[in-house]
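Engineer: Got a predicted structure plus its sequence, pasted below:
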Amino acid sequence: MPKKIVVTGIGATSPLGANARDSWTALLAGESGARTLEQEWVEQYDLPVKFAASAKVEQEEQLERVEAKRLDPGSQFALIAAREAWADSGIEHIDPERLGVDWSTGIGGVWTLLSAWDTLRERGPRRVLPMTVPMLMPNAPAAAIEMHLGARAFARTVVSACASSTESIANAFDHLQQGFADVIIAGGSEAAIHPLPLAAFASMQALSKRNDEPATASRPYDVTRDGFVLGEGGAAIILETEEHALARGARIYAELVGGAVTSDAYHITAPDPEGSAAARAMIAAIETHGYSRSDVRHINAHATSTPVGDVAEYHALKHVFGDHLADIPVSATKASTGHLLGGAGGIEAIFTVLALAERTAPPTINLTDMDPEIHLDVVREPRALPEGDVLAISNSFGFGGHNAVVAFKSV
């Protein structure tokens with residue numbers, strides 16, 4: 001008999017706010033997290049892109065100095081988000097062997113790795129810090145969360161580019177169904193606003209180059225879109241079986257009804273233009289426990305604001321929903337947050353959960369001239385969602401042809 005899996009806690013630190021609620025409030029207000037970078041290395045390396053969606057509040061303001069010093073920025077974001085989600089869940093007591101972590105990153109500890117390389121070249125091997133490897137390894141954020149909360153069921157890490165944290169949530173759904181834990185902290189984090197990733201993404205023509213207007217640079221579906229805006233942060237949700245949640249009198253935000261992962265086997269960076277594998281992931285997530293595509297009433301789209309990616313996702317959505325697609329309000333929240341890479345699906349899952357909990361689809365900013373190839377009902381202002389049972393999906397797609405989709409239901 002399938003178990004009901006519910007969301008009982010949320011936490012985030014993002015370009016829009018220091019926590020999940022502030023991020024949501026700023027999203028509804030139509031704010032942008034993109035801003036000009038003030039770091040000296042922007043001019044030092046003459047970077048072609050001089051802006052990004054940096055975290056609204058620096059990690060050093062949210063962590064103790066000693067713990068921050070021993071964590072890469074990506075792990076710092078993870079710990080901040082997980083702590084908030086844990087406190088929000090209200091869990092006071094749990095068997096450590098029934099608590100698990102499903103975390104993710106797209107790139108890992110790039111700041112630690114490249115800083116250590118600079119130290120080695122400039123000062124020699126004896127000056128490389130002994131904590132370098134534990135800080136740069138991709139599983140470091142999961143380890144930080146696991147040790148802080150005493151989670152002993154497992155601590156797993158997904159690295160699937162920009163699909164990573166949505167895949168971690170899909171994995172958590174499966175792990176709870178399989179009885180591996182009663183409660184799981186799931187999500188993802190990323191801290192890649194560094195000169196090398198910025199230069200590399202710009203070199204492959206993936207980033208917007210609107211240096212004079214960063215707040216309006218991310219414009220999903222707009223005919224003038226020219227790439228994504230690099231973002232950073234972390235997001236966590238607490239998932240548990242409904243039985244466990246009800247037994248402790250938990251507040252429930254929404255139900256996670258399914259998650260699915262597929263791959264394109266098409267190209268290392270470009271999405272399959274037909275979107276067939278992405279469509280399969282959506283269908284599988286929706287139909288995991290018998291729901292129908294016609295039950296979906298809201299979509300948080302991947303929508304990175306790249307010329308090719310937005311069209312490919314539209315084709316996938318059209319394949320899944322057909323004529324029903326015209327009746328589904330679509331939100332493209334990267335327009336506000338930028339693209340958090342491995343952390344993107346985590347913050348977008350939170351936005352999807354809150355959209356259901358508050359019956360409000362969040363707006364897509366910066367869309368002024370709709371691409372004539374894309375026929376979607378894009379939400380431009382906060383819009384009320386219907387009463388009763390409402391199903392919503394959140395899509396994430398990543399380099400390597402990774403597709404991950406999760407489906408939530410209102411409660």
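Structural biologist: Yep, it's here. All values reported here derive from a predicted model rather than from experimental measurement.
Engineer: what number of residues lie near residue 40?
Structural biologist: By the measure other Cβ atoms under 10 Å, the count of residues near residue 40 is 8. Every residue, glycine included, has its C-beta placed from N, CA and C.
Engineer: Now do the phi/psi pair for it.
Structural biologist: Torsion angles at residue 40 (phi, psi; degrees, to the nearest 10) stand at phi -70, psi -20.
Engineer: For it, which residues are in contact?
Structural biologist: By Cβ atoms under 8 Å, 6 or more residues apart in numbering, residue 40 lies in contact with nothing.
Engineer: Regarding the protein, what is its longest helix?
Structural biologist: Ranked by number of residues, the top helix in the chain under DSSP state H is helix 73-89.
Engineer: That one packs against which elements?
Structural biologist: In terms of contacts (3 or more Cβ pairs under 8 Å, 6 or more residues apart in numbering; DSSP states H and E), helix 73-89 is packed against strand 5-13, helix 20-28, helix 110-123, helix 140-149, strand 183-190, strand 233-241.
Engineer: cutoff 6 Å now
Structural biologist: strand 5-13, helix 140-149, strand 183-190, strand 233-241 (3 or more Cβ pairs under 6 Å, 6 or more residues apart in numbering; DSSP states H and E).
Engineer: Alpha carbons only: can I get the helix or strand containing residue 397 in CSV?
Structural biologist: Per DSSP states H and E: residue 397 is located in strand 391-398. What follows is strand 391-398, C-alpha atoms only, in CSV (Å, rounded to 0.1, in the frame of the first residue of the first chain):
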residue,chain,number,x,y,z
LEU,A,391,-2.0,19.3,-8.3
ALA,A,392,1.2,21.1,-9.2
ILE,A,393,4.4,20.0,-10.8
SER,A,394,7.9,21.5,-10.7
ASN,A,395,10.3,20.8,-13.5
SER,A,396,14.1,20.7,-13.6
PHE,A,397,16.4,19.8,-16.4
GLY,A,398,20.2,19.8,-16.5
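Engineer: on that earlier part again, tell me which residues of the longest helix of the chain are tucked away?
Structural biologist: 73-86, 88-89 (16 or more other Cβ atoms under 10 Å).
Engineer: what is the rounded mean pLDDT of that helix?
Structural biologist: What helix 73-89 shows for mean pLDDT is 98.
Engineer: what angle sits between it and helix 20-28?
Structural biologist: 100 degrees (axes from the mean of the first three to the mean of the last three Cα atoms, to 10 degrees).
Engineer: Need the residues that contact helix 73-89.
Structural biologist: 8-13, 19, 59, 62-63, 68, 105, 109, 111, 140-141, 144-145, 185, 189-191, 233-236, 238 (Cβ atoms under 6 Å, 6 or more residues apart in numbering).
Engineer: how far is that helix from where the chain is centred?
Structural biologist: Relative to its parent chain, helix 73-89 has a centroid offset of 14 Å by Cα atoms, centre = their mean, to the nearest Å.
Engineer: CA atoms only: put that helix into PDB for me.
Structural biologist: What follows is helix 73-89, C-alpha atoms only, in PDB (Å, rounded to 0.1, in the frame of the first residue of the first chain):
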ATOM      1  CA  PRO A  73      30.000  28.400   0.800                       C
ATOM      2  CA  GLY A  74      27.800  25.700  -0.800                       C
ATOM      3  CA  SER A  75      27.800  23.800   2.500                       C
ATOM      4  CA  GLN A  76      27.100  27.000   4.400                       C
ATOM      5  CA  PHE A  77      23.900  27.600   2.300                       C
ATOM      6  CA  ALA A  78      22.900  24.000   2.900                       C
ATOM      7  CA  LEU A  79      23.200  24.200   6.700                       C
ATOM      8  CA  ILE A  80      21.400  27.500   6.900                       C
ATOM      9  CA  ALA A  81      18.500  26.100   4.800                       C
ATOM     10  CA  ALA A  82      18.300  22.800   6.700                       C
ATOM     11  CA  ARG A  83      18.300  24.500  10.100                       C
ATOM     12  CA  GLU A  84      15.400  26.700   9.100                       C
ATOM     13  CA  ALA A  85      13.400  23.800   7.600                       C
ATOM     14  CA  TRP A  86      14.100  21.600  10.700                       C
ATOM     15  CA  ALA A  87      12.900  24.400  13.100                       C
ATOM     16  CA  ASP A  88       9.900  25.000  10.900                       C
ATOM     17  CA  SER A  89       8.900  21.400  11.000                       C
END
